[in-house]
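**Student:** here's my sequence, what's the structure:
(one chain, ligands or ions: 1)
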Amino acid sequence: MEYAVTHAYKDHMELIKRNGQHMKSQKLLSYTRRAIDDYNMIEEGDTIAVGISGGKDSLTLLYALAKLQKFYPKSFSLYAITVDLGFKDFDTSGLERYCNRLEVPYFVEHTQIGEIVFDHRKEPNPCSLCSRMRKGAFNQAAIRLGCNKIAYAHHKDDVVDSFLMSLLYEGRVHTFSPVTFLEKSQITLIRPLIYAYEGEVRSFALKNELPVCKNPCPADGVTKRQESKDIIDQLRATVPEIKERIFSAIEGADIDGWTRH
Ligand code: SF4
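**Tutor:** Numbering: from 1, shown residues only. Sure thing, here's the model as predicted:
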């Protein structure tokens, strides 16, 4: 927990040093549009579902896509979906108001994933099963609503963390792609926030008072991803531009899905 505060603070200070201010809506839209154009994420007539967990990343992504929808040359529809894991006192009213304000139709997919993972299966490492089930429930809800695409809110730090995890724990040069066709669900996954740093997303959510909710899950979420963030944090002490360098290397390497259109 202490780490998270330190990391957030460092990112925030780095952002202020770089920009002298919080990320503005214009910059967020520019990152989003560039990613969409570079990797051909949106086609005319697409219907895209955005999963709204209540975290800063997904709320920022929904904001960006809802604003972009007003002027992007290809017309597309949006839905926002929250997968309710069934934890007590999970209140979606703030998320519903936010979606109404952005004029995006909002749906809650009620599930018993929390009960299955914690009470029935008593998983020692609940996050892996939980996130698989949550993604499955989200994909099914998106398909039911007639969506042909789903959007995840992975940002630049996630791309770099995932790259480092593959390198350190699997010994391979890999990270997730900007666009992935999911064979099993027959739906395309897009990641329009890949050019925005986590610190910028955090500052945007703070500045614009997005309705970020506390995760009601009892698991504390310490994962290998946290370890790779830790390693990057240590390396940044000697190479301050390390994230940008790794990201450029990913763009320049022959990694599946990273060829620009
Ligand atoms: S922290 Fe809780 S809600 Fe999040 S993936 Fe893990 S088990 Fe699921």
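**Student:** contact partners for residue 50?
**Tutor:** Shown in contact with residue 50 (Cβ atoms under 8 Å, 6 or more residues apart in numbering): 58, 61, 62, 65, 78, 79, 80, 81, 104, 150, 151, 153. (Each C-beta comes from the backbone N, C-alpha and C, glycine too.)
**Student:** again, 7 Å this time
**Tutor:** By Cβ atoms under 7 Å, 6 or more residues apart in numbering, the contact set of residue 50 is 58, 61, 62, 65, 78, 80, 151.
**Student:** show the pLDDT at the fifth one.
**Tutor:** Per-residue confidence (pLDDT) for residue 78: 98.
**Student:** check the second one too.
**Tutor:** At residue 61, the model reports a pLDDT of 98.
**Student:** pretty sure it sits in a helix.
**Tutor:** Yes. Counting by DSSP: H, G, I helix; E, B strand; the rest coil, residue 61 falls inside a helix.
**Student:** can you tell me how far it is from the ligand?
**Tutor:** Distance, residue 61 to the ligand, using Cβ to the nearest ligand atom, to the nearest Å: 18 Å.
**Student:** surely that residue touches residue 193?
**Tutor:** Yes. Counting by Cβ atoms under 7 Å, residue 61 does reach residue 193; the two are 5.4 Å apart.
**Student:** that older thread, could you identify the most distant pair in the contacts of residue 50?
**Tutor:** Spanning the widest gap among the contacts of residue 50 are 58 and 78, at 12.7 Å by Cβ to Cβ.
**Student:** can you check the pLDDT for the residue positioned nearest the centre of the chain?
**Tutor:** Residue closest to the average C-alpha location in the chain (Cα atoms, centre = their mean): residue 153, at 2.1 Å. For residue 153, the model assigns a pLDDT of 97.
**Student:** thought residue 54 was touching it, still the case?
**Tutor:** No. In this structure, residue 153 is not within contact of residue 54 by Cβ under 7 Å, at 11.6 Å.
**Student:** show me the shaky parts of the stretch 1-150 of the chain.
**Tutor:** Applying pLDDT under 70 to the stretch 1-150 of the chain picks out residues 1-21.
**Student:** could you pull up phi and psi at the residue nearest to the centre of the chain?
**Tutor:** Dihedral pair for residue 153: phi -100, psi 30, per degrees, to the nearest 10.
**Student:** ok, it to residue 186 distance?
**Tutor:** As judged by Cβ to Cβ, to the nearest Å, residue 153 and residue 186 stand 22 Å apart.
**Student:** follow-up on the earlier one: between the contacts of residue 50, which sits nearest residue 242?
**Tutor:** Nearest to residue 242 out of these is residue 61 (Cβ to Cβ; 24.6 Å).
**Student:** so what's that closest one closest to, chain neighbours aside?
**Tutor:** Nearest residue to residue 61 in three dimensions, chain neighbours excluded: residue 153, at 4.0 Å (Cβ to Cβ, 6 or more residues apart in numbering).
**Student:** residues contacting residue 160?
**Tutor:** If a contact means Cβ under 7 Å, 6+ apart, then residue 160 has 232, 243, 246, 247 as its contacts.
**Student:** least confident of these?
**Tutor:** Minimum confidence in those sits at residue 232, scoring 88.
**Student:** can you say which helix or strand has that residue in it?
**Tutor:** Element membership for residue 232, per DSSP states H and E: helix 224-236.
**Student:** which helices and strands does the helix or strand following that helix pack with?
**Tutor:** Toward the C-terminus, helix 224-236 is succeeded by helix 242-252 as the next helix or strand (DSSP H and E). Counting contacts by 3 or more Cβ pairs under 7 Å, 6 or more residues apart in numbering; DSSP states H and E, helix 242-252 packs against helix 156-165, helix 224-236.
**Student:** about what we covered before: near the ligand, list only the ones from the contacts of residue 160.
**Tutor:** For the ligand, no contacts are drawn from those by Cβ under 6 Å from any ligand atom.
**Student:** which one of these is nearest to residue 208?
**Tutor:** Using Cβ to Cβ, residue 243 is the member of these that sits closest to residue 208, with 23.5 Å.
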